[in-house]
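**Q** quick one, structure for this:
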Amino acid sequence: MDREALEEKETVRMEAFSDGVFAFAITLLALNLRDPAGSGVSLSQGLIDEWPSFFAFVTSFVSVLIMWMNHHNMFNYIRKIDRRLMLLNGVLLLFVVLTVFNTSLVANHIQESDANVAATVYAGTFFVLAIVWNGLWWYCTAGRRLLGQDVTEQQANTITRQYRVAPFSYGVALLIAPFSGLASVAVILAVAGFFAITATISD
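**A** Numbering: from 1, shown residues only. Now for the predicted structure:
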């Protein structure tokens, strides 16, 4: 097996591992949902009362799904890996899985007096995740160390500009969170919409 084929095989292995973590995170999100009929109210009223859980679930599910799509697209340009990339990718996946815990925080506290604290933690996690994501992409593109030979500078620069939207937008969500938890979560959902569009176009 030549060097290029070996490098491609290693890249596929890391992407497969990442896919498994994304799938695991999405599965765990559903565990925050429960049957509200057992809380002493009618099913219809229970479902209405559970709207924070559904809202947080949908927001996080869509966000994780879009992150998976963009992660997949990113590795269409990354053709080699090294130990530093493996570490950065692992840190990225850590924050993806942490989304599950933060979703439960938002769902459980969005109607409480400490809703803004939960939203701040939620937005803060996405903000750090965006920083790590941009750092990972910067590491791969610096000196074109891990990019494929057929990847043009224009393609790399376009993705770089798109990725910069995330830390700025999540930073806005983080600033809003202490004042309005719902507005902060809505900004995060809007960011997911933006990257859904860019992921589809770049495909």
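**Q** all helices of the protein, in order?
**A** In the chain, the helices defined using DSSP state H lie at 3-29, 43-49, 51-74, 83-109, 115-141, 153-176, 181-202.
**Q** pull out the buried residues from the lowest-mean-pLDDT helix or strand in the chain.
**A** Ranked by mean pLDDT, DSSP states H and E, the weakest helix or strand in the chain is helix 43-49, scoring a mean of 76. The neighbour-count check on helix 43-49 (16 or more other Cβ atoms under 10 Å) flags residue 46 as buried. C-beta coordinates here come from the backbone N, C-alpha and C atoms, glycine included.
**Q** looking at the chain, which residue ends up farthest from its center?
**A** residue 40 (35.8 Å; Cα atoms, centre = their mean).
**Q** report pLDDT for that residue.
**A** You'll see residue 40 listed with a pLDDT of 70.
**Q** now it: how far from residue 49?
**A** Going from residue 40 to residue 49 by Cβ to Cβ, to the nearest Å gives 11 Å.
**Q** do the same with residue 64
**A** To residue 49, residue 64 is 25 Å away according to Cβ to Cβ.
**Q** now do residue 59
**A** Counting by Cβ to Cβ, the gap from residue 59 to residue 49 is 18 Å.
**Q** cool, residue 16 as well?
**A** Distance from residue 16 to residue 49, by Cβ to Cβ: 40 Å.
**Q** please apply the same query to residue 177.
**A** 23 Å.
**Q** can you check residue 85 too?
**A** Between residue 85 and residue 49 the computed distance is 45 Å (Cβ to Cβ).
**Q** and the residue nearest to residue 189 when sequence neighbours are not counted, what pLDDT?
**A** Residue nearest to residue 189 in three dimensions, not counting chain neighbours: residue 59, with 4.9 Å by Cβ to Cβ, 6 or more residues apart in numbering. Residue 59 carries a pLDDT score of 78 in this model.
**Q** next: residue 15.
**A** Residue 15 is given a pLDDT of 90.
**Q** which residues of the protein score low on pLDDT?
**A** 1-9, 32, 37-39, 201-203 (pLDDT under 70).
**Q** now with 50, please.
**A** For the chain, residues meeting the criterion pLDDT under 50 lie at 1, 203.
**Q** follow-up on the earlier one: out of the helices of the chain, flag the one nearest residue 36.
**A** Ranking these by proximity to residue 36 (Cβ to Cβ) places helix 43-49 first, at 2.8 Å.
**Q** other SSEs contacting that closest one?
**A** Using 3 or more Cβ pairs under 8 Å, 6 or more residues apart in numbering; DSSP states H and E, no helix or strand is in contact with helix 43-49.
**Q** how many residues are close by residue 200?
**A** By the criterion of other Cβ atoms under 10 Å, residue 200 has 11 neighbours.
**Q** ok, back up a step: what's the spacing between the least confident helix or strand of the chain and its chain's center?
**A** Computed by Cα atoms, centre = their mean, to the nearest Å, the chain-centroid distance of helix 43-49 equals 29 Å.
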